[in-house]
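1. I'd like to go over a predicted model; first the sequence, then the structure.
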Amino acid sequence: MANKFTVKIDSSSFMKVIDDISKKVDSINLDALMEMGDTLLNLSSKEVPHDTGALQATGVVERGSDEVIVGYHTPYAARLHEHPEYKFKKGRKGKFLEDPLKQNLTKWLQVYADQLGALI
């Protein structure tokens, strides 16, 4: 009869570590998104059309379960955003959310990298 050699590997502790890391990454994702959202709102507030200040005053960053929403909440916000050809005063312009988002992609990546770096 041949000798038999077996090894039993218990992966439960390994899986617990993986689960803990996954939860931390999820938390870091939301933290990074909130930081990005706050920064985007700040940047866009310098570009959002400003006549009476009513539009600018409605700017918000809202945290969802796995997303962050940045926006302005007036009936006319989307119309003003989508018409960069409109002539606004004081250097304000349309695309007041889209442009700062696109122009700062490197910054967003750095925010996320910094948040993940805290995990390591």
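-> Alright, I've got the coordinates. Numbers count the residues shown, from 1 in each chain.
2. thought residue 28 was touching residue 118?
-> Yes: contact between residue 28 and residue 118 holds when scored by Cβ atoms under 8 Å: they sit 7.0 Å apart. The C-beta positions use only the backbone N, C-alpha and C, and glycine is treated the same way.
3. Tell me which of those two has more neighbours.
-> Comparing residue 28 with residue 118 by neighbour count (other Cβ atoms under 10 Å), the higher total belongs to residue 28, at 17 against 10.
4. so the more buried one is in which element?
-> Per DSSP states H and E: residue 28 is located in helix 12-44.
5. Any buried residues in the very next helix or strand once past that helix, and which?
-> Going down the chain from helix 12-44, the next helix or strand is helix 54-57, by DSSP H and E. Of the residues in helix 54-57, 55, 56 count as buried by neighbour count, 16 or more other Cβ atoms under 10 Å.
6. who does the helix or strand just after helix 54-57 pair up with?
-> As assigned by DSSP H and E, the chain's next helix or strand after helix 54-57 is strand 60-63. When pairing is defined by DSSP bridges, strand 60-63 lines up against strand 68-71 (antiparallel).
7. Let me see the residues that make contact with the partner strand.
-> 30, 33-34, 36-37, 40-41, 44, 59-62, 77, 97 (Cβ atoms under 8 Å, 6 or more residues apart in numbering).
8. do you know how far residue 19 is from residue 33?
-> Separation of residue 19 from residue 33 (Cβ to Cβ, to the nearest Å) stands at 22 Å.
9. Tell me which of these two has more neighbours.
-> residue 33 (22 against 10).
10. What about the residue nearest to residue 115 when sequence neighbours are not counted, how many residues nearby?
-> Closest residue to residue 115 apart from its sequence neighbours, by Cβ to Cβ, 6 or more residues apart in numbering: residue 32 at 4.0 Å. Summarising burial for residue 32: neighbours were counted as other Cβ under 10 Å, giving 20.
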